[in-house]
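J.: Structure for the following, please:
(one chain, ligands or ions: 1)
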Amino acid sequence: MHDVSEETAAIVDLVLEYSRSRLLASDTPLDKPLSEAELARLAGRTIREEGIGARKALGIFEHVLAPACISTDDPGYLSFIPSAPTKASAAFDVIVSASALYGGSWLEGAGAVHAENEVLRWLAAEFGLPEGAGGVFVQGGTLGNLSALVAARDTARRAGKNPERFAMVCSVEAHSSNKSAAKVMDVDVIAVPAGEDGILRADVVRAALDEHGDRVFAVVATAGSTNFGIVDDIAGIAALKDEYDFWLHIDGAYGLAGMLSPVTRELFTGVGRADSLVVDPHKWLFAPFDACALIYRDPEQGRRAHTQHAEYLDTLTDTDDWSPSDYAYHLTRRPRGLPLWFSLATYGAGVYRDAVTHGIELARRIADEIEARPELSLVRQPMLSVVVFEREGWTKEDYNRWSAELLDDQHAFVTPSSHAGRTNARFAILNPRTSFEQLVEILDTMK
Ligand SMILES: Cc1ncc(COP(=O)(O)O)c(C=O)c1O
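T.: Below is the predicted model of the structure:
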């Protein structure tokens, strides 16, 4: 299995050839899930005492397993938050695995960590954070939010805060991962109301800070809510730092990439005052799964909270080297920021701005089209690249049936969402290959 031989060379060739054709295919089907029973029947038993061989295993993957996985990079994938890796980033992910790179410590992965840190510094500067800001690429926004909030509480404790119960303030519209982090940390969530427009504003945050005082160790502002792409009043909330002592965390897992576009940059004023932030390259920064950039204003606060100590790790922790493991709740890690580094280095930042802008402009255009159709209405005006709308007279069952038919016909993947108890349809647009005409065709199916 480990030697270089004719057999291993043939396996590598098979896998690389498959990867090459998948990466360069322009007609990949959308695909759809099968039931567990169907998959068991079609795939058969693949793990036995004697192997079935690479050709057969790859055949099962190609003809049974892969078609039962929705292509998240399909331009018709408009649900949840799509993925649209650039060709350079997806291809480079193969190199990351092939090279057995370890990204946890400087000692083992200095070159990889250097490149990842250049990306983090570039992002930090784009977001207006001061020089010296830095962090680490973690698996996803959920882990990034948790790691940031753990650092926030640790910093509060070190500053002498010791309330009976710590609490964090966030909008009722904040992503579920923030509430999940609070559960893991056993802290209270003070979920404050957003405005009618979904925006969390400083006045309600101020009221929560006045009411809960020193119990509050962090305020989470969202830079692009998942359901609507709404950006909180970050400038107003950040200004409260002049009067109150709290850690400002920006959850920009999906939307903070919108700050790269000149069209929406201003919405994000105030991000530069954050103590920590996250943005997911596997969302709107066009990198493959899975990567979240977690950046601290003062990385030392992250390091103090997260460094693991063990006898066998002393070699790493007794130095001043920058080891990514120290900056989040993890230890072993692949250098998952490298695909983004390679792609940014290859294409330059300018085309990233254009690609983000494409999603914003397309969202605005299709929102106008929705408004022009009497049977459709926008739930809210899009701020970034998520468009949420209702079809007059439709029940939840109608939306579900319509969504299932779109997938069955391999037309598009658009799952319904809901707001204030009402079911709606939602386009999350970020794939530069998604076109206006394609979205119009989907709207036509709602007549
Ligand atoms: C605003 C926001 N925060 C956090 C997350 C969680 O990120 P992940 O799914 O990468 O853990 C998401 C996911 O969509 C998100 O949109």
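J.: how about Ala425, secondary structure?
T.: strand (DSSP: H, G, I helix; E, B strand; the rest coil).
J.: For it, give the beta-bridge partners.
T.: Phe389 (DSSP bridges).
J.: Does it touch Asp398 like I think?
T.: No - applying C-beta atoms under 8 Å, one finds Ala425 not in contact with Asp398, separated by 10.2 Å. Bear in mind the C-beta positions are built from the backbone N, C-alpha and C, glycine included.
J.: more neighbours, these two?
T.: Ala425 (24 against 14; other C-beta atoms under 10 Å).
J.: and stretch 81-100 with the ligand, contact?
T.: Yes - for stretch 81-100, a contact with the ligand is found by C-beta under 6 Å from any ligand atom, at Ile81.
J.: Would you mind listing the residues in contact with the spatially most central residue of the chain?
T.: Nearest to the geometric centre of the chain sits Asp280, at 3.5 Å (C-alpha atoms, centre = their mean). By C-beta atoms under 8 Å, 6 or more residues apart in numbering, the residues touching Asp280 are Ile81, Gly140, Gly141, Gly144, Ala253, Tyr254, Ala291, Cys292, Ala293.
J.: and those residues as CSV, adding pLDDT, neighbour count and distance to Val94?
T.: Shown next, in CSV, are these (pLDDT from 0 to 100; neighbours: other C-beta atoms under 10 Å; distance: C-beta to C-beta, whole Å):
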residue, pLDDT, neighbour count, distance to Val94
Ile81, 97, 21, 24
Gly140, 98, 18, 21
Gly141, 98, 27, 24
Gly144, 98, 32, 25
Ala253, 98, 28, 25
Tyr254, 98, 27, 26
Ala291, 98, 29, 15
Cys292, 98, 27, 21
Ala293, 99, 29, 21
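J.: Among these, which are located in strands?
T.: Cys292, Ala293 (DSSP state E).
J.: Over to the residue of the stretch 301-447 of the chain found nearest the ligand: give its phi and psi.
T.: Residue nearest to the ligand within the stretch 301-447 of the chain (C-beta to the nearest ligand atom): Ala428, separated by 9.1 Å. Backbone torsions for Ala428, taken as degrees, to the nearest 10, come to phi -100, psi 110.
J.: Any idea how many residues pack against it?
T.: 28.
J.: again, but for Glu211
T.: For Glu211, using other C-beta under 10 Å, the count is 12.
J.: Report pLDDT for it.
T.: Glu211 is assigned 98 on the pLDDT scale.
J.: Mind pulling up the pLDDT for the residue nearest to the centre of the chain?
T.: Per the predicted model, pLDDT is 98 at Asp280.
J.: roughly how far apart are it and Leu443?
T.: 28 Å (C-beta to C-beta, to the nearest Å).
J.: which intervals of the chain have sub-threshold pLDDT?
T.: By pLDDT under 70, the chain contains no weakly predicted segment.
J.: tell me how far stretch 363-376 is from the chain's mean position?
T.: 27 Å (C-alpha atoms, centre = their mean, to the nearest Å).
J.: Any chance you could give me that stretch in CSV, C-alpha atoms only?
T.: Provided in CSV are the C-alpha atoms of stretch 363-376 (Å, rounded to 0.1, in the frame of the first residue of the first chain):
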residue,chain,number,x,y,z
ALA,A,363,-29.1,39.3,-6.7
ARG,A,364,-30.2,42.9,-7.3
ARG,A,365,-31.2,42.2,-10.9
ILE,A,366,-33.2,39.1,-10.0
ALA,A,367,-34.8,41.0,-7.1
ASP,A,368,-36.1,43.6,-9.6
GLU,A,369,-37.4,40.8,-11.8
ILE,A,370,-39.2,39.3,-8.8
GLU,A,371,-40.8,42.6,-7.9
ALA,A,372,-42.0,43.0,-11.5
ARG,A,373,-43.9,39.7,-11.3
PRO,A,374,-47.4,40.1,-9.8
GLU,A,375,-47.4,36.6,-8.2
LEU,A,376,-44.1,37.1,-6.4
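J.: Give me the buried positions along that stretch.
T.: Buried residues in stretch 363-376, counting neighbours by 16 or more other C-beta atoms under 10 Å, are found at Ala363, Arg364, Ile366, Ala367, Ile370, Arg373, Leu376.
J.: Against Asp74, how distant is the second one?
T.: Computed with C-beta to C-beta, the distance linking Arg364 and Asp74 is 22 Å.
J.: related to what we said a few turns ago, any residues in contact with both of Ala425 and Asp398?
T.: Joint contacts of Ala425 and Asp398 (C-beta under 8 Å, 6+ apart) are Arg391.
J.: Name the residues that touch stretch 356-363?
T.: 229, 257-258, 260-264, 284, 382, 384-387, 427, 429-432, 434-436, 439.
J.: 10 Å instead?
T.: Outside of stretch 356-363, the residues within contact range by C-beta atoms under 10 Å, 6 or more residues apart in numbering are 82, 84, 229, 257-264, 284-286, 381-387, 427-436, 438-439.
J.: After the lengthiest helix in the chain, which helix or strand is next?
T.: As assigned by DSSP state H, the longest helix anywhere in the chain is helix 349-372. On the C-terminal side of helix 349-372, the nearest following helix or strand under DSSP states H and E is strand 376-380.
J.: Specify the angle between that next one and helix 349-372 in degrees.
T.: 130 degrees (axes from the mean of the first three to the mean of the last three C-alpha atoms, to 10 degrees).
J.: Would you mark the buried spots in strand 376-380?
T.: Within strand 376-380, the residues scored as buried using 16+ other C-beta under 10 Å are Leu376, Val379, Arg380.
J.: I'd like those residues as JSON lines, with distance to the ligand appended.
T.: JSON lines is the format used below for the buried residues of strand 376-380 (distance: C-beta to the nearest ligand atom, whole Å):
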{"residue": "Leu376", "distance to the ligand": "25"}
{"residue": "Val379", "distance to the ligand": "17"}
{"residue": "Arg380", "distance to the ligand": "16"}
